[in-house]
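S.K.: Below are the sequence and a predicted model for it; my questions follow.
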Amino acid sequence: MSAHRVIHVCAVVLGGVAVGLTFWHGLADRGVALAFGAFVTVGEVTRWTGVPPREAAPLGAAGALAYALLGEAAGEPTRHGVAQVVAVVVAASLVGAVPHLARGERGTADHLARRVLTVGFAAVCFQPLYNRGVFDAWIGPAYAPLLLALLALTALCDAVLAAATARSRTGWPFGPLLRDELRGLLGIGSAVCATGAVVAPAVAVVGLWALPVFCVPLSLVQLAFRRYAAVRTTYRQTIASLARATEVAGYTPAGHARRVAALSRAVGRELGLKAPELAVLEHAALMHDIGQLSLVDPVPAGATARLPAAEQRRIALLGGAVVRQTGVDPAVAVVVERQADPCAEQPLAARIVRAVNAYEERVREAGPGGAPTALEELRLGAGGDYAPEVVESLARALGRESDPVRGWVTHG
């Protein structure tokens with residue numbers, strides 16, 4: 001059974017057992033449970049859609065974690081345990097997920113499974129020990145660092161689950177995926193942990209009024225991240241529009257830049273590139289042919305890989321100059337300029353773009369069924385024109401059944 005299915009099964013079992021035990025024993029501290037349930041529901045309803053940062057529902061996550069670490073409410077000890085924490089979060093998350101499921105949004109099941117398991121982990125780490133008085137010695141200035149430490153462990157657990165899910169679904173290496181997840185904790189993840197660590201002690205002192213008060217800062221952070229995500233989306237759309245200029249002008253075949261960019265990103269994943277490096281690679285791949293706009297006579301079918309080295313170099317330099325005038329990240333221009341350099345002198349991103357572009361052009365020339373031939377031609381050129389490690393990573397990316405680009409790259 002694949003890892004993501006195991007995670008889903010574990011979440012379903014944990015949630016089912018928790019709901020059953022809560023139904024059997026009854027709901028303790030009903031008002032507190034309903035308040036936190038409503039908080040989590042609102043957070044899930046307002047979850048990001050489209051291309052969100054790593055944590056799509058920061059309000060829901062903060063509320064769920066705060067409930068898992070709650071020992072008192074307005075000075076009175078709470079009576080809920082691990083099972084009730086999980087049951088309330090399951091019910092609230094399912095209600096909040098209804099609008100997203102109705103719209104057919106992808107990733108909702110993975111999101112809910114991770115939410116259930118991470119909250120269960122936090123509750124198991126806190127509730128039994130708190131109820132036995134183990135944390136009594138920590139009451140005071142040391143209590144907040146204790147909660148932050150527990151939340152840091154929970155965030156690490158969530159990162160491992162997210163990386164394992166992505167590894168199972170895509171086949172990409174686990175190490176780079178986990179590294180990207182851990183990097184994501186420095187952004188919205190740190191705000192979620194900080195809010196969860198503050199809300200639980202605040203509710204313990206002043207009661208449930210702390211929930212709407214302390215959700216305001218995180219709501220503002222969520223709004224800022226939403227705007228940032230919108231800016232990044234616009235930025236990428238601008239690059240994609242520039243890349244299509246060569247297609248509109250008739251210099252390259254339709255969809256060529258998109259295919260090269262998608263496959264380049266898959267190869268970069270295979271080679272363990274970090275998220276920022278993948279972004280530069282993808283943008284450079286989208287714009288790798290933009291130098292052809294400076295040519296008086298178009299290259300037949302836009303196939304630059306067959307041109308003499310000097311002509312390839314001239315087109316690459318022209319493309320880099322165009323990219324620098326667009327205000328795009330200068331690192332993208334460097335990759336575009338260096339894609340025609342001798343292989344040993346190229347940065348890794350330029351090696352990837354060069355190999356993938358050559359592969360896509362050869363497949364297009366050979367027609368359906370020409371992918372093995374194109375790949376073998378690249379292997380014969382490995383060590384000279386193309387880096388051997390890039391060619392082998394390209395072969396692995398093409399061989400993955402879950403590769404989202406496999407179906408159309410091999411058919412032009």
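M.R.: Perfect, I can see it now.
S.K.: C-alpha only now, for contacts and for neighbours.
M.R.: Will do.
S.K.: gap between residue 140 and residue 76?
M.R.: In this structure, residue 140 and residue 76 are separated by 17 Å, where distance is defined by CA to CA, to the nearest Å.
S.K.: who's more crowded, these two?
M.R.: Set side by side, residue 140 and residue 76 give different neighbour counts by other CA atoms under 10 Å, the larger being at residue 76 (11 against 8).
S.K.: what sits against the more buried one?
M.R.: Taking CA atoms under 8 Å, 6 or more residues apart in numbering as the contact definition, residue 76 lies against residue 204.
S.K.: Beta-bridge partners for it, please?
M.R.: Judged by DSSP bridges, the bridge partners of residue 76 are residue 73.
S.K.: where along the stretch 301-412 of the chain do the helices fall?
M.R.: When secondary structure is read from DSSP state H, counting those that start in this stretch, the stretch 301-412 of the chain shows helices at 309-325, 330-338, 348-366, 371-381, 388-399, 406-409.
S.K.: for the longest one, packing partners?
M.R.: Contacting helix 348-366 under the criterion 3 or more CA pairs under 8 Å, 6 or more residues apart in numbering; DSSP states H and E are the following elements: helix 256-270, helix 275-286, helix 330-338, helix 371-381, helix 388-399.
S.K.: Enumerate the positions of the second one that are buried.
M.R.: To tie it back to what came earlier, the one meant is helix 275-286. For helix 275-286, the neighbour count (16 or more other CA atoms under 10 Å) marks 275, 277, 278, 279, 280, 281, 282, 283, 284, 285, 286 as buried.
S.K.: angle of that helix against helix 256-270?
M.R.: What separates the directions of helix 275-286 and helix 256-270 is an angle of 150 degrees, with axes from the mean of the first three to the mean of the last three CA atoms, to 10 degrees.
S.K.: What would helix 275-286 look like as PDB? C-alpha coordinates only.
M.R.: Listed next in PDB are the C-alpha coordinates belonging to helix 275-286 (Å, rounded to 0.1, in the frame of the first residue of the first chain):
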ATOM      1  CA  ALA A 275      12.200  25.200  -4.200                       C
ATOM      2  CA  PRO A 276      13.800  28.500  -5.100                       C
ATOM      3  CA  GLU A 277      16.200  26.800  -7.500                       C
ATOM      4  CA  LEU A 278      13.200  24.900  -9.100                       C
ATOM      5  CA  ALA A 279      11.400  28.300  -9.600                       C
ATOM      6  CA  VAL A 280      14.400  29.700 -11.400                       C
ATOM      7  CA  LEU A 281      14.800  26.600 -13.500                       C
ATOM      8  CA  GLU A 282      11.100  26.600 -14.500                       C
ATOM      9  CA  HIS A 283      11.100  30.300 -15.500                       C
ATOM     10  CA  ALA A 284      14.300  29.900 -17.500                       C
ATOM     11  CA  ALA A 285      12.900  26.900 -19.300                       C
ATOM     12  CA  LEU A 286       9.800  28.800 -20.200                       C
END
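S.K.: chain center to it, what's the gap?
M.R.: In terms of CA atoms, centre = their mean, to the nearest Å, the centre of helix 275-286 is set 15 Å apart from its chain centre.
S.K.: what angle sits between that helix and helix 309-325?
M.R.: What separates the directions of helix 275-286 and helix 309-325 is an angle of 120 degrees, with the same axes, to 10 degrees.
S.K.: Check the chain for its longest helix and report it.
M.R.: What stands out as the longest helix in the chain, according to DSSP state H, is helix 210-243.
S.K.: And the average pLDDT for that one is what?
M.R.: Predicted confidence along helix 210-243 averages 79 (mean pLDDT).
S.K.: For it, buried residues please.
M.R.: By neighbour count, and taking 16+ other CA under 10 Å as the criterion, the buried residues in helix 210-243 are 210-211, 214-215, 218, 221-222, 225-226, 229, 236, 239-240, 242-243.
S.K.: got it, and stretch 20-27?
M.R.: Buried positions in stretch 20-27, judged by neighbour count with 16+ other CA under 10 Å: 22, 27.
S.K.: Show the low-confidence segments of this structure, by residue range.
M.R.: 49-56, 296, 301-302, 366-370, 381-383, 401-412 (pLDDT under 70).
S.K.: Try it again at 50.
M.R.: Applying pLDDT under 50 to the predicted model, the residue ranges of the chain that meet it are 51-53, 401-412.
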